[in-house]
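Student: A structural model of the following input is requested.
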Amino acid sequence: MAGWRVDFLATAAPDDPTSGLSRTVWELGRALAERGHSVRVLYPSDGRPTPPGPPGVEAVSVPVVGVSRRPFGRDIAVGRAASSLLRPDADVVLGNDEKAGALESLGTDRRRAAFGMFFHDVALHTFDTLRPLEANRGVRQRVGNWFDRRALQRLEQTALDRADVVIVASEANRALLARYYSVPKERVALLPLGVPAPLDVGTKTEARATLHVPADVPVVAFVGKTPERQGLDLALEAFRRVRVFFPGARFLVVGSTPKPEPGVNALGVVDEPTKARALRSADVFLFPARYEGFGLAPREAMRYGLATVVSRHVPLDGASAPEDVRVVADDDPGSYASELAELLADPATRRELGRRGQAYADTLSYEKMAERFETLFAGRVRAS
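Tutor: Numbering: from 1, shown residues only. Next up is the predicted model:
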């Protein structure tokens, strides 16, 4: 296969630790570059110098200019600005959020790029799921939510209408596209996200020492930067109940900063080595998300060999429960506490669950994702 010119849209810079899905775009770009493609990733600039992308990937900053006060004004401004920076001879352009609905061009009329829209999340469903969780501030908020929702729907619909290839990372999102936009199942391609390989941060004992965690206590980990969406409150309550039976237990929270309480080590937003140490330190990974488009965090924990407990809202296509992962059937913190207590009390079961989960997650490398990406676009790229 001759190398393609591929332009991706990302939500964040390559050195931004807060966006796991943006990191996936950069790493997919790296894997495609290693396979001989010319890859550029365009991302919204915050005015800093452009940091280098992964090897073989050109990072292109998109200036955030002309932002209006209209709903999703920043996203629209970024999409329009990115339009002028796309290569006119690009073979593939890939959008991954509502900004792609504001793109104004995809190459020349003579040779338009194949456009793929990758729904990591169906943003309209995320909106409907999370906005009701916010404090009710009256009529003004309801009116604002109506305008926001309409603007978001238009952006996603526009991206869908122009897409040559519609991509999702899970069957759950394929079903959501049918529900929200009446997209036929056969029009939607499945492309599981790549999962980062574990970093070498030493042994569990060494990782715990770096994080100042005792070597001989049970440790539970959580990773998530949107705590309401990802159920941090449920995780904390489950941990409180379990800690009655395991008084020395620790709960490592990565990506969020809950209020201080006994046994909880809130690490906040950290770099990748620190997150890796938290995962290496843990015995169990807990992720009671209320909504999750793919479930990258639990899959990453599984690649570290962690016994993993998730909610029924986390799509784990290809994983078998309860052999590979424990799935809690309701949102009762007591149900999560029961799973935690069983796994913390039974090292053999915990190790076997971790081993099977790791074997599953190891099939989701960025290299495999790049191969599948090529298959999706092989019949769409126009001859030069």
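
Student: quick one: average pLDDT of stretch 63-73?
Tutor: Throughout stretch 63-73, pLDDT has a mean value of 92.

Student: again with stretch 154-172
Tutor: On average, stretch 154-172 scores 94.

Student: Begin at 746 from now on, thanks
Tutor: Happy to do that; since the first residue is 746 now, the last one works out to stretch 899-917.

Student: Next, the distance between the ends of it.
Tutor: 21 Å (Cα to Cα, to the nearest Å).

Student: and Glu849, how many neighbours?
Tutor: For Glu849, the neighbour count with other Cβ atoms under 10 Å is 11. For glycine as for every other residue, the C-beta is placed from the backbone atoms N, C-alpha and C.

Student: who's in contact with it?
Tutor: 824-825, 828 (Cβ atoms under 8 Å, 6 or more residues apart in numbering).

Student: What of Phe1118?
Tutor: So Phe1118 contacts 773, 777, 936 (Cβ under 8 Å, 6+ apart).

Student: then the helix or strand harbouring it to PDB, C-alphas only?
Tutor: Element membership for Phe1118 (DSSP states H and E) is helix 1111-1122. Extracted C-alpha coordinates of helix 1111-1122, given in PDB (Å, rounded to 0.1, in the frame of the first residue of the first chain):
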ATOM      1  CA  TYR A1111      -2.200   1.100  18.600                       C
ATOM      2  CA  GLU A1112      -0.500  -1.000  15.900                       C
ATOM      3  CA  LYS A1113      -3.600  -3.100  15.600                       C
ATOM      4  CA  MET A1114      -5.700   0.000  15.500                       C
ATOM      5  CA  ALA A1115      -3.600   1.400  12.600                       C
ATOM      6  CA  GLU A1116      -4.100  -1.900  10.700                       C
ATOM      7  CA  ARG A1117      -7.800  -1.700  11.100                       C
ATOM      8  CA  PHE A1118      -7.800   2.000  10.100                       C
ATOM      9  CA  GLU A1119      -6.100   1.200   6.800                       C
ATOM     10  CA  THR A1120      -8.700  -1.500   6.100                       C
ATOM     11  CA  LEU A1121     -11.600   1.000   6.700                       C
ATOM     12  CA  PHE A1122     -10.200   3.600   4.300                       C
END
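
Student: Can you pull the phi/psi pair for Glu973?
Tutor: phi -70, psi -40 (degrees, to the nearest 10).

Student: Quick check: it vs Ala1090, distance?
Tutor: Distance, Glu973 to Ala1090, by Cβ to Cβ, to the nearest Å: 30 Å.

Student: Repeat that for Glu879.
Tutor: 38 Å.

Student: Neighbour count: the two, which is higher?
Tutor: Ala1090 (13 against 10).

Student: where does Pro759 sit relative to Ala1115, distance-wise?
Tutor: 17 Å.

Student: Then Ile821?
Tutor: Counting by Cβ to Cβ - Ile821 and Ala1115 are separated by 30 Å.

Student: where does this structure dip in pLDDT?
Tutor: 746, 762-763, 765, 852-856, 1128-1129 (pLDDT under 70).

Student: 50 - rerun?
Tutor: 853, 855 (pLDDT under 50).

Student: Turn the contacts of Glu849 into JSON lines, columns for distance to Glu803, secondary structure and neighbour count.
Tutor: Compiled in JSON lines, the contacts of Glu849 are given as follows (distance: Cβ to Cβ, whole Å; DSSP: H, G, I helix; E, B strand; the rest coil; neighbours: other Cβ atoms under 10 Å):
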{"residue": "Gly824", "distance to Glu803": "20", "secondary structure": "helix", "neighbour count": "25"}
{"residue": "Arg825", "distance to Glu803": "21", "secondary structure": "helix", "neighbour count": "17"}
{"residue": "Ser828", "distance to Glu803": "17", "secondary structure": "helix", "neighbour count": "16"}
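
Student: Could you export these as a markdown table, including distance to Glu1084?
Tutor: Formatted as a markdown table, the contacts of Glu849 follow (distance: Cβ to Cβ, whole Å):
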| residue | distance to Glu1084 |
| --- | --- |
| Gly824 | 42 |
| Arg825 | 47 |
| Ser828 | 48 |
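
Student: For Ala1082, state which of the residues you listed is nearest.
Tutor: Distance to Ala1082, by Cβ to Cβ, is smallest for Gly824 among those, at 44.3 Å.

Student: From the opening residue of stretch 820-838 to its closing one, how far?
Tutor: End residues of stretch 820-838 are separated by 17 Å (Cα to Cα).

Student: where does that stretch sit relative to the chain's centre, distance-wise?
Tutor: 22 Å (Cα atoms, centre = their mean, to the nearest Å).

Student: residues near Arg815, how many?
Tutor: 12.

Student: Do I have it right that it meets Ala896?
Tutor: Yes - counting by Cβ atoms under 8 Å, Arg815 touches Ala896, with 7.0 Å between them.

Student: Any buried residues in the lengthiest helix in the chain, and which?
Tutor: Scanning the chain for the helix with the most residues, using DSSP state H, yields helix 884-907. For helix 884-907, burial by neighbour count (16 or more other Cβ atoms under 10 Å) applies to 890, 896-901, 903-905.

Student: Quick one: residues in contact with that helix.
Tutor: Counting by Cβ under 8 Å, 6+ apart, 815-817, 820-821, 824, 840, 843-848, 851, 860, 862, 867-869, 872-873, 876, 879, 911, 922, 926, 928 sit against helix 884-907.
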